[in-house]
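S.K.: Sequence and predicted structure below; questions after.
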Amino acid sequence: MRKAKRGRAKSKRRAREVVLIELNKIYNADCLEFMRSMPDNCVDLVVTDPPYEIATKGGGLGKRPVYENGALDKISQGFDVEATLEQIARVCKKVNIFIFCSTRQKPRIMNWGYGRGCNVAELFWHKPNAAPFTNNTFKSDVENIIYIREKGIKIKGASKLFTHNASKSKYGHPTEKPLELIKKYILIGSNDGDTVLDPFMGSGTTAVACKELNRNFIGCEIESKYCEIAEKRLRETVKGLF
């Protein structure tokens with residue numbers, strides 16, 4: 001019996017080939033495949049902005065220049081919430097996740113955190129300059145961020161509401177987040193020298209924030225054009241600027 005169990009354990013280890021992950025690098029890969037190759041317990045914090053599950057029609061959303069040519073359609077079908085969070089939990093030393101999401105995704109993400117016995121908090125980015133009401137809809141002036149942390153994770157206290165104007169994309173990504181917002185969450189959830197993972201790196205905002213704040217990062221992005229943009233941003237970023 002013991003030999004059989006050992007054999008099954010070895011088989012499982014062979015099924016997931018673990019590779020040495022280089023820090024401060026953005027990998028052009030599918031996030032689930034990439035994270036499955038990462039070793040256990042290797043990151044201190046995850047800050048990520050995965051594809052939202054949203055409707056791209058109505059309210060004038062698809063008419064904005066940055067969303068033309070189907071740019072938003074590519075990232076509007078959401079992501080595999082449970083599979084992604086399970087991999088994130090495995091690579092975290094302790095579960096410590098800031099994750100942006102749509103209203104449709106909130107219940108699944110929060111329930112996953114509650115199911116693990118974690119502390120779960122709803123945070124909000126308020127955009128005073130959001131587009132006005134259109135086509136019988138509420139003003140889209142708030143975005144959701146869910147923070148999930150395991151017992152034992154200490155944070156620097158902060159308000160649940162972050163107010164910052166939305167601005168036109170600087171790097172061509174349809175859902176860019178303000179650098180100041182990402183830096184805020186990195187400072188709350190990590191310490192100098194920690195390693196931060198972003199499996200949906202986009203145009204590289206998390207990587208830039210980490211470089212400025214003296215954190216290591218591991219980034220993953222499936223679109224090669226955004227990897228190139230992110231790498232260019234990093235070359236232009238001064239380490240430890242703030």
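M.R.: Here it is on my side, so go on.

S.K.: Tell me, how many residues neighbour residue 32?
M.R.: Residue 32: 15 surrounding residues under other C-beta atoms under 10 Å. (Glycine included, C-beta is placed from N, CA and C.)

S.K.: Quick one: mean pLDDT for the helix or strand that contains it?
M.R.: Assigned by DSSP states H and E, residue 32 falls within helix 31-36. The pLDDT scores in helix 31-36 average 97.

S.K.: what separates that helix from the chain centre, distance-wise?
M.R.: Its chain's C-alpha centre and that of helix 31-36 lie 14 Å apart, by C-alpha atoms, centre = their mean, to the nearest Å.

S.K.: From the contact counts, what lies against it?
M.R.: helix 81-91, strand 216-221 (3 or more C-beta pairs under 8 Å, 6 or more residues apart in numbering; DSSP states H and E).

S.K.: Tell me what angle the helix or strand just after the shortest one forms with strand 216-221.
M.R.: Along the chain past strand 216-221, the next helix or strand (assigned with DSSP H and E) turns out to be helix 224-235. For helix 224-235 against strand 216-221, the angle between stretch directions is 160 degrees (axes from the mean of the first three to the mean of the last three C-alpha atoms, to 10 degrees).

S.K.: Which strands or helices does helix 224-235 pack on?
M.R.: Applying 3+ C-beta pairs under 8 Å, 6+ apart, one finds that helix 224-235 contacts strand 25-28, helix 205-212, strand 216-221.

S.K.: okay, the first one in PDB with CA atoms only?
M.R.: Provided in PDB are the C-alpha atoms of strand 25-28 (Å, rounded to 0.1, in the frame of the first residue of the first chain):
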ATOM      1  CA  LYS A  25      10.800  39.100 -15.700                       C
ATOM      2  CA  ILE A  26       7.600  39.100 -17.700                       C
ATOM      3  CA  TYR A  27       6.800  35.700 -19.300                       C
ATOM      4  CA  ASN A  28       4.700  35.600 -22.500                       C
END
